[in-house]
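> here is a sequence together with a model predicted from it:
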Amino acid sequence: MSILKRGMSGAPVKRVQEKLGLDADGIYGPGTEQAVRDAQQKHGLAVDGIAGPDTFMALGLPELVLLRVGSRGDAVKQLQQDLGTGADGIFGSGTKKAVMDFQTAQGLTVDGMAGPATLAKMNSFASTVTEETVKKVEIREDEAHFESEAMPEIKGTEAVATAEPEAAPEKSIWGKVKGWFS
């Protein structure tokens, strides 16, 4: 998952809510936003109420991490260090190419986005993103109803509904999210 913020809904939101001890309805509203702010404050992260890769990692939800062009933060810097590129914490075209080269070398799907399957193969993510993490991306039975919902598209600072991608990815949280950016 690239980011979650107010107005979005779905299985990833539900997982964040569960981790934060909230009523897990899958809707990112003001209560979820405030709980995310509180968690960010507690973990020494930038406090903005938007759950992104660094917040997911701090909450113990590495299965929601999706690093792609435009991603920023410590998780991106860690990825760049593993790839041996300039570690500035900003995922740009050079990082994308390095990810694609890494994915090719590892026999992974080559898409230039670093999700759990890619991160699980990296040295510095080995203790937090494991093969077990990769299994956690599968949609659970209590999340299946979110599969029929339109997917949000990020435009500026707003989330807007769009149709699902033409070729639906495998039934997984990350696979579906990846489809938003393909």
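Nice, thanks for sending it over. Numbering: from 1, shown residues only.

> specify the residue positioned farthest from the middle of this protein.
Centroid-distance maximum for the chain: residue 105 at 22.8 Å, with Cα atoms, centre = their mean.

> ok, residue 6 - contacts?
28-30, 32-33, 49 (Cβ atoms under 8 Å, 6 or more residues apart in numbering). (C-beta placed from N, C-alpha, C; glycine too.)

> and residue 21, what is it in contact with?
residue 35.

> same thing with the one 10 residues further on?
In this structure, residue 31 makes contact with 22-23, judged by Cβ under 8 Å, 6+ apart.

> mean confidence score for stretch 95-113?
Per-residue pLDDT over stretch 95-113 has a mean of 96.

> list the buried ones in it?
Of the residues in stretch 95-113, 95-96, 98-99, 102-103, 108, 111-113 count as buried by neighbour count, 16 or more other Cβ atoms under 10 Å.

> which SSE is the residue farthest from the centre of the chain in?
helix 93-106 (DSSP states H and E).

> list the helices and strands that helix packs on?
Applying 3 or more Cβ pairs under 8 Å, 6 or more residues apart in numbering; DSSP states H and E, one finds that helix 93-106 contacts helix 74-83, helix 116-119.

> ok and it relative to helix 74-83, angle-wise?
Here the directions of helix 93-106 and helix 74-83 differ by 60 degrees (axes from the mean of the first three to the mean of the last three Cα atoms, to 10 degrees).

> list of residues touching helix 93-106?
67-69, 76, 79-80, 83-86, 108-114, 118, 121-122.

> how about low-confidence regions in this protein?
For the chain, applying pLDDT under 70 flags the ranges 1, 147-182.

> follow-up on the earlier one: could you measure from the residue farthest from the centre of the chain over to residue 38?
41 Å (Cβ to Cβ, to the nearest Å).

> looking at this, residue 55 is in a strand?
No. Read with DSSP: H, G, I helix; E, B strand; the rest coil, residue 55 is helix and lies in no strand.

> phi, psi of the closest residue to residue 9 other than its chain neighbours?
On the basis of Cβ to Cβ, 6 or more residues apart in numbering, the spatially nearest residue to residue 9 that is not a chain neighbour turns out to be residue 27, at 4.7 Å. Per-residue torsions, residue 27: phi -110, psi 120 (degrees, to the nearest 10).

> then the one 4 residues further on?
With angles defined as degrees, to the nearest 10, residue 31 sits at phi -70, psi -40.

> if I look at it, how far off is residue 93?
38 Å.

> residues contacting residue 74?
Residue 74 neighbours (Cβ under 8 Å, 6+ apart): 54, 57, 89.

> count of neighbours near residue 61?
Neighbour count for residue 61, taken as other Cβ atoms under 10 Å: 21.
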